[in-house]
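Colleague: My questions concern the predicted model and sequence given below.
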There are 2 protein chains.
Amino acid sequence: MLVNDDVDDPTIRPTAEEAISWAFQHGLVVASGKETAGQVFHAPVALYPTPFPKDVFEFAKEITPKFAELYDKVSEDDAFMRETLREAALSDPEFTGRLWKIYEACGKRGNGRLDKELGILRTDYMLDTRSGMPLQVEVNTVSTSFMGLGSKVTLLHQHLAEYTKGNIDDDMKLKKENMPTNDSLNQAAKTLCEGWKCMECENASILMVVQEGETNIFDQRLISQKVFETIGVKTIRKTLREINESGRLDLKTNLFSIDGQLCSVIYFRAGYSPSDFPSEAQWEAKMLLEKSSSLKSPSVAMHLAGSKKIQQALAEEGVLEKFMPNDATEMRKVFAGLYSFEGEKNMQKTIQLGLSNPADYVLKPQREGGGNNLYGKELKEKLENDTKDLPAYILMQRIFPPSHQVTMLRKGLAHEIESLSELGIYGSYLRKGDVNSNTARVMNEHGGSLLRTKAASSDEGGVAAGYAVLDSPYLV
Amino acid sequence: MLVNDDVDDPTIRPTAEEAISWAFQHGLVVASGKETAGQVFHAPVALYPTPFPKDVFEFAKEITPKFAELYDKVSEDDAFMRETLREAALSDPEFTGRLWKIYEACGKRGNGRLDKELGILRTDYMLDTRSGMPLQVEVNTVSTSFMGLGSKVTLLHQHLAEYTKGNIDDDMKLKKENMPTNDSLNQAAKTLCEGWKCMECENASILMVVQEGETNIFDQRLISQKVFETIGVKTIRKTLREINESGRLDLKTNLFSIDGQLCSVIYFRAGYSPSDFPSEAQWEAKMLLEKSSSLKSPSVAMHLAGSKKIQQALAEEGVLEKFMPNDATEMRKVFAGLYSFEGEKNMQKTIQLGLSNPADYVLKPQREGGGNNLYGKELKEKLENDTKDLPAYILMQRIFPPSHQVTMLRKGLAHEIESLSELGIYGSYLRKGDVNSNTARVMNEHGGSLLRTKAASSDEGGVAAGYAVLDSPYLV
C-alpha cells in the first residue's frame, strides 16, 4: 500500500500515489530504523515544486561558486583562522575546541594537510521579502546532504508535470521548462571522482565516514553507486568507531587504510556534530584520518572555516574585501546582518541590537548540524538573563521568506501545510596547488540545487529530523 | 538499516548490503502491508545468479513462441475448447464453470471477442536431470508476473558481477557474459504499447485490473511507468470491486470506461484465482469487461486455453499435431507426461499409474495461481481414498531438477539454502486478424526470462507467497 486510506481527497490521492510509486522506483527513499532491516520509507517530499523567483534563483546560482573560493582561501589563512576562532574554541572546548586541536596537529603541509582541497559545499539562502534578495543562511563546508535525493526530487516533479498534463481538474498546470535541471547527484559523484583521480592511486577506494544508525543512507549510496558506475571505484562506509577499531595509516604511502584497503579520498558524512563523538575513540579516529595523506573532503581547516563565527567575521567591514577584492560587492548583496558577542564592546552592542526588536533576529549557536536556534521570546530571555555563553552564539538578521500552501508527503500520508522554503545551491570544488593561484582551482562549478520546505509554524530546519520535506524550485 | 545484524558472515554481508541497496535504488521492491503505508521491502532475491545449462536455456527460449501461437489457436477453436473443458467446468462450477459462462456470453465476434489477441505469456520449465530436457510445467496465459522485477534482478546480478570483480576472497567469479540480457520489463511494456496502438483510440488509457491488497505492485507499476515513458499513456489501476462500482461501457464505442476515462486495453493482473471473486460483484465486473470492445489481455478464451486440462489434452497423441503440424515434434520434446482422470477408463488408468510410483508424479488442480499441488504421501492418499473430484486434477510426471546452494535475501536477512529453480520464458504476442494467417501474428517474440528459486524441501512455488526468491540464470 502506497498511500494511507486517510488520504481520500480525489484531487490529491492519484497524484500522491503516482509520486510515491515513482519515489520507490527511483531510490527516493530513506532507511527505516534498526528494528526494520530490509525496509524503507519514501523520502518526505513536496508533491509539487514550490514557486521561487527566477531572478533570485539565477543570482544565487551565479554567486555561489565565489563562496567556495572564499572559504577555501579562509581555510588557508592560518592567522585569520587563529584570530577568528580563538574565542569560539575556548567557549566550546568539547567540540570546536577539539576540532581546533586537530587543526593544530594536522593543519600544516606534510602533516596531514595537502596542497589540495576537495569540496562538496552547499550554500543555503532564503528569499527575503523585505529586500527581495536571496539572503545567505550559511555556507556548509562539511557533510552537506541531499545531493542524491534532491536530484531525484527534481526528476519526480518533472515526471509529475508530464503525468498530470492532461488532467482537467488539475488547477496547477506545471510546466517542465520552469523546473531547472538539477545535476546535484552527478556533480557530487563527479567531485569525488575528480578527487580520486588527482590522488593517482589506482588501487585505492573512497572512504565515506558515516554516522551510527544513519537513516539517510540512500542519499549517500546513490553517490557511491554513481561513482562506481563512472570510474569503477568502490566506496567503503565506516563509522568513526569502526575506523578507530581497524583503521591505520599505510606505512609506505601514509594513506588511510582499513581492512587492508587503501583509501585515497576520505569523504565526511559524519563528524560535524558533538553527538558524533560520544567517546575518545571517535576523536582518535578523526585525528588519524586528518593525519593521513589521503585527500579529505573537507580538510579540518575547511570544516572549521564553515563556522558561523567565520561567517560573521567575513561580514564585518573590509574583511570579505581582503579575501575577494574583485567580487566582494556582489557577494555582499546576499549577506544578512551578522553580529558577534565576542569582546565586552560587541557583547553589549549585540545584546542591545537583539533586544531592540527580538522578532527581527535569530540567535544561532556556532556549531553545525541544525537545530537549537532561538527566536522571539526565547531569544529575548537568553539575551536578558543567560549571557555567559553568548560568545558561542551569533546574532543574525531574521529573514522573512514568503509562505506557500504545500502538499507534503510523509510516510504515505499527505498534508497541506503553510510553508517556507530554503534554497540550497551546491558547489563542486577541487583545488590543486596554491590557493591564491586561479589555475589551481581546477573545478569550481554550480553543483545543482535543493529546496527544503518546512511548516511556517516551525522555526527549525532539517528534513531528516522530521520538520521539513525535500522540494524543488518552480521558477516564476 | 539494510541488512539485519544477524548477517555477520564477512564473506556475505558486504555484498548483501550492496545488493539490497541496489534493489532499493532501482525499484526492486515489494509493498508491505496495509498497516505500513509508505513503506516497502526489497524483493526477495537470490544474492547470486544460479547455474543453468546454456543449451537447455537456448532451447527453451527458441521453442517458447510456438506455444503462444499454439494457445492462441486453441483459444480460437470453439469445438476443441468446448469438448476439452466441458468436464472441468462441470466439476468446478464455482470458478472454471463461471469463466466458461462468460466465455459462452462473450466468446463470439461482435460480442466482446475481438479478432485480436494480446498476450504477455510466461512458459515455465524445469530442467529434468533424468532426461536433460527443459520440461514444461505450465503455460501461463493470464496475469503472468515478475516481468518488471525479473528484469531488475538480472541487472542486479550483472551489477554484482562488476562489483565483486576485484574481491580476492570471492570464490564465485561471476562473469557478465554468462548472464543473458533480460528485457522482460521493456517487452511487457512494448506489448501493452503495441496493443494500445492497434486499438487506434488516441484518448484512451490502459486499464490494469488488480487484486485487492496486492503487494507485488512495483512489478506492475514498473511496466506502467515504462508505458507512460514510451507512449505517454497512463494506466488506471482498479480492482474488480471498483470496476463493478463505477465501470461502464461507452455508448458510442462500447469500450470500457471508468471515471469518465476510456480504456482501449484491459490488462488482467487479477481474476485468475477463486479468491479474486469473493462476491457476485466481481463476476459482474468480469462480465462487463469481457463484453466491452476493449482489447483484453488476455481474452477469457485465451485465459481458459491456459487451463491445465488443455495442457493435458494437447499432450495426447495427435492433438498437438493437429494445431501445429510443422512444429509438433520439436514442441513435444519439452512435454512432461500428463494424464487425465476424465472418463471411467482414464480414471482407473491414471490412478493406477500414480499409485505405481507416487514419488514420480505430482497431482495438480486445474485452477491457476500456484499452490495446492499434492506430492508423495498426500498424492497417494488422495488417489486411494478421495477420488470424487479427481477430474478437477491432472496427474503430471514429476520433474527432478538439480539442486544448488543458494544465498537468499529476504527482508534484510540472508540464508544459504539448498534450492531448486524454475525457468520462466516470457512471450510478447499480438495477433490482428485470422489466427490461421501467419501474417496476422504481428508480434510473437521472446519476452525475457525469469528464474524462480525455492528451497528444495518445499514443494510449493510462488515467490509472493513466501516460498521462493527471484533469481536469474547463470549460463554454464
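Modeller: Now that the structure is in, tell me what you want to look at.
Colleague: pLDDT below threshold where in the stretch 351-476 of chain A?
Modeller: The model of the stretch 351-476 of chain A has pLDDT under 70 over residues A:367-371, A:458-467.
Colleague: Near chain B, which residues of it? Just list them.
Modeller: A:409-413 (CB under 8 Å from any CB of the partner chain). The C-beta positions use only the backbone N, C-alpha and C, and glycine is treated the same way.
Colleague: I'd like the distance between the most centrally placed residue in chain A and residue A:456.
Modeller: Centroid check for chain A by CA atoms, centre = their mean gives residue A:144 as the closest residue, at 3.1 Å. Separation of residue A:144 from residue A:456 (CB to CB, to the nearest Å): 25 Å.
Colleague: And residue A:242, which helix or strand is it part of?
Modeller: Applying DSSP states H and E as the criterion places residue A:242 in helix A:240-246.
Colleague: what does the average pLDDT come to for that helix?
Modeller: In this model, helix A:240-246 has a mean pLDDT of 97.
Colleague: Tell me how far it lies from the chain's centre.
Modeller: Distance, stretch centre to chain centre, for helix A:240-246: 25 Å (CA atoms, centre = their mean, to the nearest Å).
Colleague: Remind me what that helix packs against, helices and strands.
Modeller: Other elements packing on helix A:240-246 under the criterion 3 or more CB pairs under 8 Å, 6 or more residues apart in numbering or on different chains; DSSP states H and E are strand A:256-258, helix A:280-291.
Colleague: quick one: which of these is nearest residue B:378?
Modeller: Nearest of the helices and strands packed on helix A:240-246 to residue B:378, taken as CB to CB: strand A:256-258 at 54.4 Å.
Colleague: Not counting sequence-adjacent ones, nearest residue to the residue nearest to the centre of chain A?
Modeller: Leaving aside its chain neighbours, residue A:144 sits nearest to residue A:122 (4.0 Å; criterion: CB to CB, 6 or more residues apart in numbering or on different chains).
Colleague: That neighbour: how many residues sit nearby?
Modeller: Residues lying near residue A:122 (other CB atoms under 10 Å in any protein chain shown) number 26.
Colleague: Quick check, residue A:33 in contact with residue A:40.
Modeller: No. The criterion here is CB atoms under 8 Å, and residue A:33 misses it with residue A:40 at 10.8 Å.
Colleague: Could you check which of the two has the larger neighbour count?
Modeller: Taking neighbours as other CB under 10 Å, residue A:33 and residue A:40 compare with residue A:40 leading, 29 against 11.
Colleague: What residues does the more buried one make contact with?
Modeller: By CB atoms under 8 Å, 6 or more residues apart in numbering or on different chains, the contact list for residue A:40 reads A:29-32, A:218, B:24, B:29, B:39-40.
Colleague: again with residue A:149
Modeller: Per CB under 8 Å, 6+ apart, neighbours of residue A:149: A:28, A:30, A:43, A:216, A:218-219, A:222, A:470.
Colleague: Check these and tell me the two furthest apart.
Modeller: Farthest pair in these, by CB to CB: A:222 and A:470, 13.0 Å.
Colleague: now the stretch 151-300 of chain A, which segments are flagged as low pLDDT?
Modeller: By pLDDT under 70, the low-scoring segments of the stretch 151-300 of chain A are A:168-172.
Colleague: Minimum distance to chain B: which of the helices and strands packed on helix A:240-246 has it?
Modeller: Proximity to chain B (CB to the nearest CB) singles out strand A:256-258 among the helices and strands packed on helix A:240-246, at 12.5 Å.
Colleague: what's the pLDDT at residue A:108?
Modeller: Confidence for residue A:108, expressed as pLDDT, is 85.
Colleague: Any idea how many residues pack against it?
Modeller: Neighbours of residue A:108 (other CB under 10 Å): 12.
Colleague: With residue A:418 instead?
Modeller: Neighbourhood size, residue A:418 [other CB under 10 Å]: 11.
Colleague: Am I right that it is in a helix?
Modeller: No. Counting by DSSP: H, G, I helix; E, B strand; the rest coil, residue A:418 is not found in a helix; it is strand.
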